[in-house]
Structure formats: structure tokens, C-alpha cells
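Colleague: fold the following and give me the result.
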Amino acid sequence: MCKETIEGSLKTAGVIKADWNKDTKIMNITYDTLKISLDDIHKRIAGVGYDTEKLKGDDQAYNNLHQCCQYKRKD
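Modeller: Next up, the predicted model:
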């Protein structure tokens, strides 16, 4: 469920491939820099409730995540 939500947030123009590894918690993304920026990728992931190395996930979206997808968040 988490993988679907995170990868689904990047089903947009410019993202060619998005693969989140649930064990390593690392996302591998192939994207077209002429169509989407790295900042926009971070915003899209944070928008569905997940923290990235650059942005804290949206609080309301995080609270709406299924309980198994919630995690200990940084302050």
C-alpha cells in the first residue's frame, strides 16, 4: 500500500520510472528534467504525506495514511 501511494504520487508528466524499495526506504527515479524538477518530485511525495530529505510530508495527508504506512516522523 505504501509503495503504491509513493510511486503513484509520481505518475505525472516527466517521470519515466519511479521505484520505491520498502526494505531500504530508497526511491529510484528516472525523469526528464525538461518536464519536471527534482523540487517538484519532492513536493509531490510530500503532498501524499511522506517526508523526503528536503521536505516534511503534508500533516493532513500523513494522518490519512493507512496505519501500516505511518512511521516515526522527524520534528
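Colleague: any stretches of this protein with poor pLDDT?
Modeller: Within the chain, the ranges that satisfy pLDDT under 70 run 75.
Colleague: give the residue farthest from the middle of it.
Modeller: residue 34 (20.0 Å; C-alpha atoms, centre = their mean).
Colleague: so what's the nearest residue to it once chain neighbours are set aside up against?
Modeller: Leaving aside its chain neighbours, residue 34 sits nearest to residue 14 (7.6 Å; criterion: C-beta to C-beta, 6 or more residues apart in numbering). Every residue, glycine included, has its C-beta placed from N, CA and C. With contacts defined as C-beta atoms under 8 Å, 6 or more residues apart in numbering, residue 14 is in contact with 31, 32, 33, 34, 35, 36.
Colleague: what residue is smack in the middle of the chain?
Modeller: Taking C-alpha atoms, centre = their mean, the centroid of the chain lies closest to residue 45, which sits 2.7 Å from it.
Colleague: so that residue: helix, strand or coil?
Modeller: Three-state assignment for residue 45 (DSSP: H, G, I helix; E, B strand; the rest coil): helix.
Colleague: so what's it up against?
Modeller: 6, 9, 10, 27, 52, 55, 57.
Colleague: where does the first one land in three-state SS?
Modeller: It refers to residue 6. Residue 6 - assigned by three-state DSSP - is helix.
Colleague: correct me, but it touches residue 28?
Modeller: No: look at residue 6 against residue 28 with C-beta atoms under 8 Å: they stay out of range, at 11.7 Å.
Colleague: identify the contacts common to those two.
Modeller: 18, 20.
Colleague: okay, the two: which has more neighbours?
Modeller: Neighbours were counted for residue 6 and for residue 28 using other C-beta atoms under 10 Å; residue 6 has more, 22 against 10.
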